[in-house]
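> Take a look and give me a structure for this.
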Amino acid sequence: MSNTDAHKDEGKLMPGVNFSTFIVSIGTSALMYLGELSAPGAEGPKKDLAMAKHTIDTLAMLQTKTAGNLTNDETELLRQLLYDLRMKYITATSA
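The predicted structure follows:
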């Protein structure tokens, strides 16, 4: 099975692994740290702004390191994801 195929893991259908699903997964972690989503099994959302910033910075590093090697769709997804997360971070730190 290739990395881009969907597969079953512990009885759940998991999406295939590709760059887009990878960065969306990291973005989801940032949303949890921003208090926008609850972590799996958590009672509710909790903010950890230091980890949110670290996660956003990680995505920015990936953007720099992969420049010129992504498809147009991947480039746009990463650009938009970073923009949205940065705006949410600014809002969270301004409150």
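
> residue ranges with poor pLDDT in the chain?
1-11 (pLDDT under 70).

> and if we set it to 80?
1-15, 38-39, 42, 95 (pLDDT under 80).

> And the residue nearest the centre of it, which helix or strand is it part of?
Nearest to the mean C-alpha position of the chain, counting by Cα atoms, centre = their mean, stands G27 at 1.5 Å. Using DSSP states H and E, G27 falls within helix 19-33.

> Thought L85 was touching the residue nearest to the centre of the chain, still the case?
Yes - using Cβ atoms under 8 Å, G27 makes contact with L85 at a distance of 6.2 Å. Placement of C-beta: from N, CA and C, glycine included.

> shared neighbours of those two, anything?
Counting by Cβ atoms under 8 Å, 6 or more residues apart in numbering, the contacts common to G27 and L85 are L59.

> thinking again about what came up before, what residues sit buried inside the helix holding G27?
Neighbour-count burial for helix 19-33, counted by 16 or more other Cβ atoms under 10 Å, picks out F19, S20, I23, I26, G27, S29, A30, L31, M32, Y33.

> Stretch 84-95 now?
By 16+ other Cβ under 10 Å, the buried positions in stretch 84-95 come out as L85, K88, Y89, A92.

> Sitting in helices, which of these do you find?
Residues of the buried residues of stretch 84-95 located in helices (DSSP state H): L85, K88, Y89, A92.
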